[in-house]
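Undergrad: Can you look at this prediction? I've put the sequence above it.
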Amino acid sequence: MINLKTVAQKGFRFMNVKSLFERVARKNRDRPCFFFEGKTYTYGDVHNEALRYAKLYTHYKNKMVAEGRMGPEDQLAVGLYMDNCPEFIIASFGAAISGAVIIGVNTGFRKDTLTAVV
């Protein structure tokens, strides 16, 4: 687990999420990152899956740039319509790695509210 006090003391205070997560994941690959419904997710597990999400986001951004739908310097915005689950955390780290921005969409939104958000 990440101890935020230790992180600040070791000079990580000015790192972005991508740099901090990748640094911690490299040093702690086999250690628990988090637990969910009786399953342990190690930093290595989370990092590997986050890289898969990052690859997906990068693919879509490149496709949209090629189609002229966004510029190469623009950030991809990814809407996540998920319940509280490991995939939300992993997808968020993937976004940080790829440079995308996550927009969490409340799963309680329905019809008009959901349409307005999307």
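TA: It's in.
Undergrad: And for Tyr60, nearest residue in space, chain neighbours not counted?
TA: Once flanking residues are discounted, Tyr60 sits nearest to Leu76: 6.5 Å by CB to CB, 6 or more residues apart in numbering. Yep, even glycine has a C-beta here, placed from its N, CA and C like the rest.
Undergrad: quick one: the one you found and His59 touch, right?
TA: No: Leu76 lies out of contact with His59 (CB atoms under 8 Å); the separation is 10.1 Å.
Undergrad: More neighbours: the two, which one.
TA: Each of Leu76 and His59 has its neighbours counted (other CB atoms under 10 Å); Leu76 has more, 18 against 11.
Undergrad: can you give me the helices in this protein?
TA: 4-9, 17-27, 43-66, 86-98, 111-117 (DSSP state H).
Undergrad: mind checking which of those is nearest Cys33?
TA: Closest to Cys33 of the helices of the chain is helix 43-66 (CB to CB; 4.6 Å).
Undergrad: just checking, what packs against the closest one?
TA: helix 17-27, strand 32-36, helix 86-98 (3 or more CB pairs under 8 Å, 6 or more residues apart in numbering; DSSP states H and E).
Undergrad: Tell me which residues of that helix come out buried.
TA: For helix 43-66, burial by neighbour count (16 or more other CB atoms under 10 Å) applies to Tyr43, Asp45, Val46, His47, Glu49, Ala50, Leu51, Tyr53, Ala54, Tyr57, Thr58, Lys61.
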